[in-house]
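# Here is the input, now give the coordinates:
(one chain, ligands or ions: 1)
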Amino acid sequence: LITVTIDGKEVKVIPGTTVLEAARTAGIHIPTLCHHDDLCSEALYQQTASTPHQGEHSHQHEESAMLSTPSSCRICLVEVEGLPKLHASCALPIHNAMTVRTTSTAIRHARRDILELMMSEHYGDCFACARNGTCELQKLCADYGVTSERFGRPHEPLFEKAEIGNIIVRDQNKCILCRRCVRMCALYQGVYALTTEGRGDHSRIATFMGKEMKDATCINCGQCINRCPTGALTERDDTDAVWHAIEDPDKMVVIQTAPAPRAAIGEMFGCEPGTPLTFQMNTALKRVGFDKVFDTNFSADLTILEEGSELISRLYKALVLKDNTAALPQFTSCSPGWIKFIEHFYPKYLPNLSSAKSPQQMMGAVLKTYFAEKNGWDPSKIVSVSLMPCTAKKFEAARPEMDASGYRDVDYALTTRELGRMFKQAGIELPKLDKTPFDDPFGTPTGSGVIFGATGGVMEAALRTVFEIVTGEKVESVFDHADIKPVRGFDGVRMAELTISKVGPVPEILSHLVPDFEWLKGATLRVGLAHGTVNAIRVMKDIEEGGPLSQCHFIEFMACPGGCLGGGGQPIPTDREIRAARAKAIYSEDATYVVRKSHENEDVLRIYREFFKEGPCSHKSHELLHTHYKE
Ligand code: HC1
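All right, here's what the predicted structure looks like:
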C-alpha cells in the first residue's frame with residue numbers, strides 16, 4: 001500500500017489508484033463532470049464479475065480501468081507537491097507517496113474558467129430542462145459563482161434541435177462531451193450505439209452514420225440518460241398526454257405501478273435511497289386523478305404462471321418427446337431492452353425467448369378484457385398507463401404486436417422520473433401522504449411479484465413456483481434452498497443448479513400440459529442470470545461456444561445493471577450503492593408478504609377459472625398473454 005496525503009489527511013491505497021478515487025476513500029469530495037461512480041474501475045470490475053468465467057477477470061479489469069478514466073472535463077484539477085501545474089485527479093495514478101491539495105485559489109479559478117467556457121457553449125432554458133435541480137453542471141456553476149460575463153451564452157442553438165418524439169431524446173446543445181454516455185453504452189451495455197466523433201473543437205457525441213436514436217442500434221435502456229450530468233439525454237416526456245387523459249371526462253384512466261419505482265421515487269422527494277413509498281404513491285395517484293391503481297406485481301405473478309408453465313412444456317418437449325424445436329435454454333422476456341438487444345445482435349436465438357409477455361403488457365391485456373367485461377367498462381374508453389423504472393417500456397408498449405385484445409395493452413408508459421414530476425406539478429409532498437391500498441381485483445400480489453424488480457428476482461420467483469409445483473417441496477425464498485441462493489446478488493453472470501430428487505402429482509391447472517412429472521425425477525435443473533447487456537454478450541458467447549451456460553434450461557436476462565431497480569427511468573443519480581439500497585427495500589417488502597409464491601395467488605387463479613377457463617399456456621391465454629418476436 002502507498003500512503004498519500006490529501007488535504008492533510010493520510011490515506012493508504014493500492015498502487016495505481018487514482019488521486020480522485022483515493023480522495024473519495026478519504027471522504028474528500030473532488031468535483032468532476034466526467035467521472036461517475038458506476039464508471040470507476042472497481043465498479044466495472046464488479047459489474048463483469050461472474051461465477052462461471054473467472055478466467056476473464058484480469059483482462060476485463062485492465063480494459064475497465066483504461067476506459068474508466070476519460071479525463072475530459074478537467075474539473076477535478078488538484079495540486080501535487082513537487083509537480084508543476086494542476087493535474088486532473090481522475091487521470092493521476094498513485095505510484096509513490098504524494099501530497100495533494102484539492103482546494104486553492106488557483107484550483108478554484110481554473111475550475112471556474114472551465115465552467116464558464118462550458119456555459120459559453122451551453123444552450124437551453126435551465127428552468128424548463130428535465131434536469132433542473134439534478135443537473136451537475138448547474139450545481140457546479142452555482143457552487144463556483146459562474147456568470148456569463150466573460151464568455152457570454154449562446155442565444156440560439158448551436159446544433160440541430162433535440163430529436164423530440166424518440167424514446168431517447170438527445171440535445172447536443174446541452175452536451176458537455178464528458179463521454180459518460182459513450183462509456184456506459186459500451187462498458188455496461190456492450191451496445192456501442194453512441195460514440196465520439198471528430199477531434200478538438202469538432203468533437204461531438206454521435207451515433208453510427210449520424211442516425212437518430214430510433215434508427216440506431218440503441219436498445220432504449222436509458223442507461224446513458226442516467227449517467228448524463230446535464231439534460232443532453234432525456235426520455236420522451238409523456239406526462240402532458242397523461243394529464244390530458246386524466247382531465248378527459250370520457251376516459252377511465254388506470255395506472256399500474258411496477259416493483260422498482262416504489263423503492264426509488266422517494267429519492268426525488270428527499271428520502272434516502274431504498275425508502276419504499278408504495279402505498280403513499282397510491283394516495284398520490286388517486287389525488288392526481290387516476291381512476292384505479294393496480295399493482296404490476298400482480299401481473300408478475302401471472303407472468304410466472306405462464307412463463308413457468310412454458311418452461312415445463314419446453315422441458316417435456318425436449319426431454320420426453322425428444323423434439324429439438326424446444327429451444328432450450330428458455331430466455332426470460334420481460335426486459336424490453338434485452339428483447340431489442342437480442343433482436344439486433346442475436347436474432348437466431350429469438351425462438352429461445354419465452355413467448356410470455358411482460359407483466360406490464362399482461363396487466364394491460366387483462367385490464368381491457370377481463371376487467372372491462374367484469375365491470376362493464378368500455379375498453380375503448382380505458383386509458384392504460386404504467387409506471388415503470390424503464391425507458392424501454394415506452395418502446396415495448398408501442399410495439400405493434402401488443403394489441404391482441406383489439407386495443408393497446410398499454411397506452412402510456414411513464415418513467416419514475418416523469419411521475420415524480422407530475423406529483424411535483426400537483427404540489428404533492430409524497431413522503432407526507434397517508435397510505436392507500438391498491439384496487440381490486442389486481443391489487444393483491446405475492447412476494448414473488450415484488451422481487452421481479454431486482455436482478456435474479458424473476459428467476460427466484462419462477463423457481464419458487466416451478467420447483468414447488470414439480471417436487472411438492474415448500475420453497476418460500478432462496479434461503480430455504482441452498483442451491484437456489486446463487487440467483488441473488490450482483491455478480492454480472494450467475495448460475496445455479498437444482499437437483500429434482502422427488503416429484504409430486506401434476507396440479508389440475510397444468511394437467512393439459514403434461515401427464516406427470518416422473519420424467520423429471522433425478523434431473524438437474526440448471527439456470528443462469530445476467531444483468532447489464534454486456535453480461536448478456538458473455539452469456540451468449542458462452543452458449544455459442546458450448547460452455548457451461550449452454551447447458552442451462554432457463555436464463556434470466558435483465559438489460560439494466562441491477563435489474564429494473566437500476567432502470568434508465570429511475571431517479572438520478574443511480575449508482576452501485578443506490579442500487580443496493582433499492583434491492584434491500586425490494587427484498588424486505590417480499591419478506592412482509594404472507595403469500596410469497598405466484599401459484600398461490602388466489603386472485604390470479606380466479607382469472608384462470610373465470611376468464612381463461614383452462615390453465616396457463618392454454619388457447620385463450622396464449623392469444624392475450626403471449627407474443628412472438630420475429631427477426
Ligand atoms: Fe421491471 Fe417487470 S420487473 S420488467 O424489471 O417484469 O421496467 O420494476 O415492471 O413488465 O413486474 C421494469 C420493474 C417491471 C414488467 C414486472
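# so what pLDDT did the closest residue to the ligand within the chain get?
Distances between the chain and the ligand by C-beta to the nearest ligand atom are smallest at Cys564, namely 2.5 Å. C-beta: built from backbone N, CA, C; applies to glycine. Note for Cys564: predicted pLDDT of 98.
# OK, contacts around the residue lying closest to it once chain neighbours are set aside?
Excluding the flanking residues, the one nearest Cys564 by C-beta to C-beta, 6 or more residues apart in numbering is Ala260, at 3.9 Å. Going by C-beta atoms under 8 Å, 6 or more residues apart in numbering, Ala260 touches 388-390, 416, 453-454, 563-565, 567, 570, 582, 586.
# Show me the residues you listed that map onto helices.
Of the contacts of Ala260, the ones assigned to helices by DSSP state H are Thr416, Arg582, Ile586.
# Neighbour count for these - can I get that in TSV?
What follows is the ones in helices among the contacts of Ala260, written out as TSV (neighbours: other C-beta atoms under 10 Å):
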residue	neighbour count
Thr416	26
Arg582	32
Ile586	25
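# These into a markdown table, with extra columns for distance to Met184?
Shown next, in a markdown table, are the ones in helices among the contacts of Ala260 (distance: C-beta to C-beta, whole Å):
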| residue | distance to Met184 |
| --- | --- |
| Thr416 | 18 |
| Arg582 | 18 |
| Ile586 | 23 |
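# now those as JSON lines including distance to the ligand and pLDDT?
Formatted as JSON lines, the ones in helices among the contacts of Ala260 follow (distance: C-beta to the nearest ligand atom, whole Å; pLDDT from 0 to 100):
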{"residue": "Thr416", "distance to the ligand": "9", "pLDDT": "98"}
{"residue": "Arg582", "distance to the ligand": "10", "pLDDT": "98"}
{"residue": "Ile586", "distance to the ligand": "9", "pLDDT": "96"}
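# circling back to that earlier point, unless I'm mixing things up, the residue of the chain closest to the ligand is touching Pro259, no?
Yes: under the criterion of C-beta atoms under 8 Å, Cys564 makes contact with Pro259 at 6.8 Å.
# hey, what's in contact with both of these two?
Phe452, Gly453.
# can you pull the contacts of the residue of the chain closest to the ligand?
Ala258, Pro259, Ala260, Ser335, Met388, Pro389, Cys390, Phe452, Gly453, Ala454, Met558.
# Same question for Ser477.
Gly447, Glu460, Arg464, Asp590, Ala591, Arg596.
# Select from the residues you listed the one having the most neighbours.
In terms of neighbours by other C-beta atoms under 10 Å, these top out with Arg464 at 29 neighbours.
# mind checking the SS state of that one?
Under DSSP: H, G, I helix; E, B strand; the rest coil, Arg464 falls in the helix class.
# With the flanking residues excluded, which residue is spatially nearest to Tyr629?
Using C-beta to C-beta, 6+ apart, the closest residue to Tyr629 is Leu350 (5.2 Å).
# what's around the one you found, how many residues?
What Leu350 shows, counting by other C-beta under 10 Å, is a neighbour count of 17.
# repeat for Thr134
Thr134 has 18 nearby residues by other C-beta under 10 Å.
# Can you give me the distance of it to Gly453?
According to C-beta to C-beta, to the nearest Å, Thr134 and Gly453 sit 22 Å apart.
# show me where pLDDT drops low in the stretch 151-300 of the chain?
162 (pLDDT under 70).
# What does Lys292 show for phi and psi?
phi -140, psi 150 (degrees, to the nearest 10).
# circling back to that earlier point, if we look at the ligand, which of the contacts of Cys564 are close to it?
Ala258, Pro259, Ala260, Ser335, Met388, Pro389, Cys390, Phe452, Gly453 (C-beta under 6 Å from any ligand atom).
# Report the beta-bridge partners for the fifth one.
Under DSSP bridges, the beta-bridge partners of Met388 are Thr415.
# residues contacting it?
Contacts of Met388 (C-beta under 8 Å, 6+ apart): Ala258, Ala260, Pro261, Gln360, Ala413, Leu414, Thr415, Thr416, Cys564, Gly567, Gly569.
# One more: Ile572?
Arg131, Thr134, Ile225, Asn226, Arg417.
# so is it in a helix, a strand, or just coil?
Per three-state DSSP, Ile572 ends up coil.
# What of Thr99?
Assignment for Thr99 (three-state DSSP): strand.
# now it, nearest residue through space, not along the chain?
Counting by C-beta to C-beta, 6+ apart, the residue nearest Thr99 is Glu81, at 4.0 Å.
# just Cys126 next, same as before
Asn132 is the one closest to Cys126 (C-beta to C-beta, 6+ apart), at 5.6 Å.
# so where's the longest helix in this structure?
Assigned via DSSP H, the chain shows its longest helix as helix 296-319.
# ok, and does it reach over to the ligand?
Yes: shown here: helix 296-319 in contact with the ligand (C-beta under 6 Å from any ligand atom) through Thr296, Asn297, Ala300.
# most surrounded residue in the residues you listed?
Those, ranked by neighbours (other C-beta under 10 Å): first place Asn297, 34 neighbours.
# Any idea how many residues pack against the nearest residue to that residue once chain neighbours are set aside?
Of all residues beyond its chain neighbours, the one nearest Asn297 is Gly449 (3.0 Å), with distances taken as C-beta to C-beta, 6+ apart. Number of residues near Gly449 (other C-beta under 10 Å) recorded here: 31.
# Quick one: list the elements packing against whatever helix or strand Gly449 lives in.
Using DSSP states H and E, the element containing Gly449 is helix 447-450. Here helix 447-450 touches helix 296-319, helix 457-471, helix 576-592, going by 3 or more C-beta pairs under 8 Å, 6 or more residues apart in numbering; DSSP states H and E.
# about what we covered before: dump the contacts of Ala260 into TSV; add distance to Leu115 as well.
Formatted as TSV, those follow (distance: C-beta to C-beta, whole Å):
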residue	distance to Leu115
Met388	35
Pro389	32
Cys390	33
Thr416	29
Gly453	37
Ala454	38
Gly563	36
Cys564	35
Leu565	33
Gly567	31
Gln570	27
Arg582	32
Ile586	38
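# With respect to Val493, which of these is nearest?
The nearest member of the contacts of Ala260 to Val493, counting by C-beta to C-beta, is Gly563 at 13.6 Å.
# I'd assumed Ser354 was in contact with His628.
No: counting by C-beta under 8 Å, His628 does not reach Ser354; the two are 10.6 Å apart.
# From the neighbour counts alone, determine which of those two ranks first.
Using other C-beta under 10 Å as the criterion, His628 and Ser354 rank with Ser354 on top: 23 against 9.
# neighbours of the spatially closest residue to the more buried one that is not a sequence neighbour, just the number please.
Leaving aside its sequence neighbours, Ser354 sits nearest to Ser333 (C-beta to C-beta, 6+ apart; 4.5 Å). By the measure other C-beta under 10 Å, the count of residues near Ser333 is 26.
# State the pLDDT value of Ser58.
pLDDT, Ser58: 39.
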